[in-house]
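Colleague: kindly return the folded structure for what I paste below:
(chains A and B)
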Amino acid sequence: MRLIMHNMLTCNIKGVINKSPLRIEAEKVIKKEVDFNPDFLRHMLAKIEWKALVDGARSMGYTELPVHAPGIESDEPFLRKFHHALLELNLEEGSLVCQESGRKFPVNKGVPNMLLHEKEV
Amino acid sequence: MSEKPPRIADIMRVSSHREVYEPCDDSFALVDALLADQTNLINHNPNLCMEIGCGSGYVITSLILLLKPKLPNVHYLATDTNPIAARVTNQTLEAHGVKAEIVCTDIASCLEERPAGLVDVMVVSPPYVPTPEYEVGMEGIASAWAGGENGRSVIDRMLPVVDRLLSEKGWFYLVTLSSNYPAEICLMMRKRGFAWRILVQRSTEEENLVILKFWRDGDEVSLEKETSTASLVSEFSRSLSSFMEKQWR
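Modeller: Next comes the predicted model:
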């Protein structure tokens, strides 16, 4: 699971109000290089929940992201860090934790399992 | 001699597992529909594409390969209720050197809020086989085909989710059987403001497949939202007959 996905996930348990972001408990993180594409990154910047990305990256061991995203001008050094955090950190094993209910969703072989038990639906 | 990049997923490179649905007539028909619509898809310039029920990964991989040469910046999501399928899809994607974000979940649960209104292309080959209701959603490979009464249990649950996720310009490709009463599906979608058309019709020994495409069409459709079931059923029959006639010419 990469942070580009994590940023879109919400807890789907019935009754939970504070659905995102899910806290990451990382057990195994792999870095996989991906082609750098500034256009794509600039396009994504507006859609990303920045704090969730910063916290998520920290949980996966990457602390280089600035606390606030830059305004209109995003220069290459920033985009490189954004690129790395968003697309190159892969959570292979770990959990995603709902901040409100405490429910842990396992991540195995890079895939988050968000299936709910009957009572949670 | 350099290898030409495959136009769609290479069946030899699609990963498999005994509990995961292997690509079959419905998968091939859906990919054929996407191939036929390739130029339109490229001109459409989607940002976010999604597959619900990715199975072996054959369809999502094919979609990525179709778009990638001209549109390298597209982002892809795929879901499946079967955790093994999610893993197999990842293997298939990797074998083709492409990437999508995969989540194991029921339809798109947990992905219905942040991506709402952002999905530009949605592709679905749902569990469409008419089965007893109790077979729907069972663990393992049966969840890939068990569709309950008229094979519509999962399809009917999916339609409101798709409506929520699709962008204003969003396109929705859906595989159905004639036993699913596709005319009814078109009626339900029309009531949500979608126009429809038949892209592929294929009769195999076992199945009568109809691949549908839906898109939001406020202007034309709002006048016809009061369409009765009977009139849409007859419109659908005419459309299907004329489609089949064209194939035979």
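
Colleague: was I right about residue B:20 contacting residue B:140?
Modeller: No. The criterion here is C-beta atoms under 8 Å, and residue B:20 misses it with residue B:140 at 9.1 Å. Heads up, the C-betas are built off the backbone N, CA and C, glycines and all.

Colleague: who has more neighbours, those two?
Modeller: Taking other C-beta atoms under 10 Å in any protein chain shown, residue B:20 and residue B:140 do not tie; residue B:20 has more neighbours (23 against 12).

Colleague: quick one on the thing from earlier: which residues are in contact with both of residue B:20 and residue B:140?
Modeller: residue B:82 (C-beta atoms under 8 Å, 6 or more residues apart in numbering or on different chains).

Colleague: so who does the residue lying closest to residue B:152 once chain neighbours are set aside touch?
Modeller: Distance criterion C-beta to C-beta, 6 or more residues apart in numbering or on different chains; nearest residue to residue B:152, sequence neighbours excluded, is residue B:180 at 5.7 Å. Applying C-beta under 8 Å, 6+ apart to residue B:180 gives the contacts B:128, B:130, B:147, B:150, B:151, B:152, B:155.

Colleague: biggest separation within these, which pair?
Modeller: Largest separation among the contacts of residue B:180 by C-beta to C-beta: B:130 and B:155, giving 11.3 Å.

Colleague: does chain B sit close to stretch A:40-47?
Modeller: Yes. Stretch A:40-47 lies within reach of chain B by C-beta under 8 Å from any C-beta of the partner chain, at A:40, A:43, A:44, A:47.

Colleague: how about the residues of chain B by chain A?
Modeller: B:47, B:72-73, B:75, B:77, B:81, B:83, B:86-87, B:90, B:99, B:101-106, B:109-115, B:118.

Colleague: now those residues: which count as buried?
Modeller: Taking 16 or more other C-beta atoms under 10 Å in any protein chain shown as the criterion, what is buried in the residues of chain B next to chain A is B:47, B:75, B:77, B:81, B:83, B:86-87, B:90, B:99, B:101-106, B:109-115, B:118.

Colleague: of residue B:130 and residue B:155, which one has the most company?
Modeller: Neighbours per residue, other C-beta under 10 Å: of residue B:130 and residue B:155, the larger number sits with residue B:155, 24 against 16.

Colleague: which residues does the nearest residue to the more buried one once chain neighbours are set aside contact?
Modeller: Among residues not flanking residue B:155 along the chain, residue B:126 sits closest, at 5.0 Å (C-beta to C-beta, 6+ apart). Shown in contact with residue B:126 (C-beta under 8 Å, 6+ apart): B:52, B:53, B:147, B:154, B:155, B:158, B:174, B:175.

Colleague: same thing but at 7 Å, please
Modeller: Residues near residue B:126 by C-beta atoms under 7 Å, 6 or more residues apart in numbering or on different chains: B:53, B:147, B:154, B:155, B:158, B:175.

Colleague: who are the packing partners of the helix or strand harbouring residue B:29?
Modeller: Secondary structure assignment for residue B:29, by DSSP states H and E: helix B:25-36. With contacts defined as 3 or more C-beta pairs under 7 Å, 6 or more residues apart in numbering or on different chains; DSSP states H and E, helix B:25-36 has these neighbours: helix B:58-67, strand B:166-177, strand B:194-203, strand B:208-216.

Colleague: residues making contact with that helix?
Modeller: Under C-beta under 7 Å, 6+ apart, the answer for helix B:25-36 is B:8, B:41, B:58-59, B:62-63, B:66, B:123, B:125, B:173, B:175, B:199-200, B:202, B:204, B:207, B:209, B:211.

Colleague: worst-scoring helix or strand of the chain, pLDDT-wise?
Modeller: No chain in the question, so chain A it is. Counting by mean pLDDT, DSSP states H and E, the weakest-scoring helix or strand in chain A turns out to be helix A:38-45, with a mean of 89.

Colleague: I was after chain B.
Modeller: That would be, for chain B by mean pLDDT, DSSP H and E, helix B:218-222 at a mean of 59.

Colleague: give me the neighbour count for residue 21.
Modeller: This is for chain A. With other C-beta under 10 Å as criterion, residue A:21 counts 24.

Colleague: was after chain B, sorry
Modeller: When neighbours are defined as other C-beta under 10 Å, residue B:21 has 25 of them.

Colleague: distance of the nearest residue to residue B:52 once chain neighbours are set aside relative to chain A?
Modeller: Leaving out its chain neighbours, the residue that sits closest to residue B:52 by C-beta to C-beta, 6+ apart is residue B:124, at 4.9 Å. According to C-beta to the nearest C-beta, to the nearest Å, residue B:124 and chain A sit 18 Å apart.
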